[in-house]
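Colleague: the following comprises the amino acid sequence and a computationally predicted model.
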Amino acid sequence: MWLYPVFDFFAKNRWAQIALAIVATIATLGLYLAWRDNGVRKRVKLEQEAETAKERERVIATAQEEVDNVQDAKDAALAAPDSLPEFSSADELREQAPAIAKVILRDRSGDQRGS
């Protein structure tokens, strides 16, 4: 009942009808654009989450690879003394395995690791 004068005003005034149509069109267009942008945001968010998951998997695989490499190196280092032949003197070691002798017989006077 109290809206009757409003409807009567729009029914009798052509410019008010045009203005109402423009406002309704702008509001509808704004709602459509907001709905469309929301869909784009959701899609971009899902794509970013998928990329993050792939990157996380790659990082975990790389880290596991590094752990495996360290473990292999550790196992090889622990097994190395068993794989060396017995030498009776440093001279014999220098003659038969110069690369190993260079490491084993190096000067440790400046080495700070042991102190």
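Modeller: Now that the structure is in, tell me what you want to look at.

Colleague: only C-alpha atoms from now on, for both contacts and neighbour counts.
Modeller: Fine.

Colleague: report the central residue of this protein.
Modeller: Among the residues of the chain, Glu55 comes closest to the average C-alpha position under CA atoms, centre = their mean, at 4.2 Å.

Colleague: now do the same for Ala79: its pLDDT.
Modeller: Here the pLDDT value assigned to Ala79 is 76.

Colleague: number of residues surrounding it?
Modeller: 11 (other CA atoms under 10 Å).

Colleague: mind checking how far the least confident helix or strand in the chain by mean pLDDT is from the chain centre?
Modeller: Least confident helix or strand, the chain: helix 98-104 with a mean of 79, by mean pLDDT, DSSP states H and E. Remark: helix 98-104 is offset 43 Å from the chain centroid, using CA atoms, centre = their mean, to the nearest Å.

Colleague: and what of stretch 19-29?
Modeller: 45 Å.

Colleague: now do stretch 36-46
Modeller: Using CA atoms, centre = their mean, the offset of stretch 36-46 from its chain centre is 21 Å.

Colleague: for the least confident helix or strand of the chain, which positions count as buried?
Modeller: Residues Ala101 are the ones in helix 98-104 that count as buried (16 or more other CA atoms under 10 Å).

Colleague: likewise stretch 34-47?
Modeller: Using 16+ other CA under 10 Å as the test for burial, stretch 34-47 gives no buried residues.

Colleague: tell me the mean pLDDT for it?
Modeller: Taken as a whole, stretch 34-47 has a mean pLDDT of 87.

Colleague: low-scoring stretches of the chain, by residue?
Modeller: The chain contains residues with pLDDT under 70 at 1, 81-84, 110-115.

Colleague: what do you get if the cut-off is 90, keeping everything else the same?
Modeller: 1-11, 13, 34-44, 72-115 (pLDDT under 90).

Colleague: just the helices from it, written as ranges.
Modeller: Secondary structure of the chain (DSSP state H): helices located at 4-12, 14-83, 90-96, 98-104.
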